[in-house]
Structures are given as structure tokens and as C-alpha cells.
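Q: Next comes the sequence, and after it the predicted model I'd like to discuss.
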Amino acid sequence: MSPAKDTIRFRVIKDHPTIDGMLYKNEIVTVDVIYKSFVNQRKIQVKDLTGKIWFVETKYLKRIGD
């Protein structure tokens, strides 16, 4: 499988500050397809393109490319 097929991609639509750093607007984050059922939760775990894990409210995410 190619990486694009086993992940769901989202774009951050608003800056998201945390104690661990800042996830900036327009950054791309991913969720593994095996966790697809959690995408409708209030807050989900995502990874940025560097591999760092973030917990982000889904209202700050917009799904891109299927």
C-alpha cells in the first residue's frame, strides 16, 4: 500500500496552540485509515508531516483529497 492509501488527510483551518507547540493554519495532518471510525469524535489524534502527534478538535480540521 502507498502512504496516501492508508491515511486520511486533513488541513488545519485555524491555528491550534498547545503546551507542546503550535499547529498552524493550512498545515496538513493525517489519521491512519484503521482509526477512520474515530474521525467523527469531538477530538482526535493526528500526526503532522514530521510525525509529531497532536490531539485536535475536529472543528479545526477539514478533510482533503479522498
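A: Cool, the structure landed. Numbering: from 1, shown residues only.

Q: lowest confidence element among the helices and strands of this protein?
A: Comparing helices and strands within the chain by mean pLDDT, DSSP states H and E singles out strand 16-18 as the least confident, with a mean of 90.

Q: Contacts for that strand, please.
A: Strand 16-18 is contacted by residues 22, 23, 24, 54, 55, 56, 57, 60 when judged by C-beta atoms under 8 Å, 6 or more residues apart in numbering. (Glycine included, C-beta is placed from N, CA and C.)

Q: Recalculate using a threshold of 6 Å.
A: 23, 56, 60 (C-beta atoms under 6 Å, 6 or more residues apart in numbering).

Q: Quote the end-to-end distance of stretch 27-36.
A: 20 Å (C-alpha to C-alpha, to the nearest Å).

Q: buried set for it?
A: Residues 27, 29, 30, 31 are the ones in stretch 27-36 that count as buried (16 or more other C-beta atoms under 10 Å).

Q: same thing with stretch 10-24?
A: Using 16+ other C-beta under 10 Å as the test for burial, stretch 10-24 gives 10, 12, 16, 23.

Q: phi, psi of residue 53?
A: Main-chain dihedrals, residue 53, degrees, to the nearest 10: phi -90, psi 140.

Q: Tell me the spacing between residue 51 and residue 10.
A: 16 Å (C-beta to C-beta, to the nearest Å).
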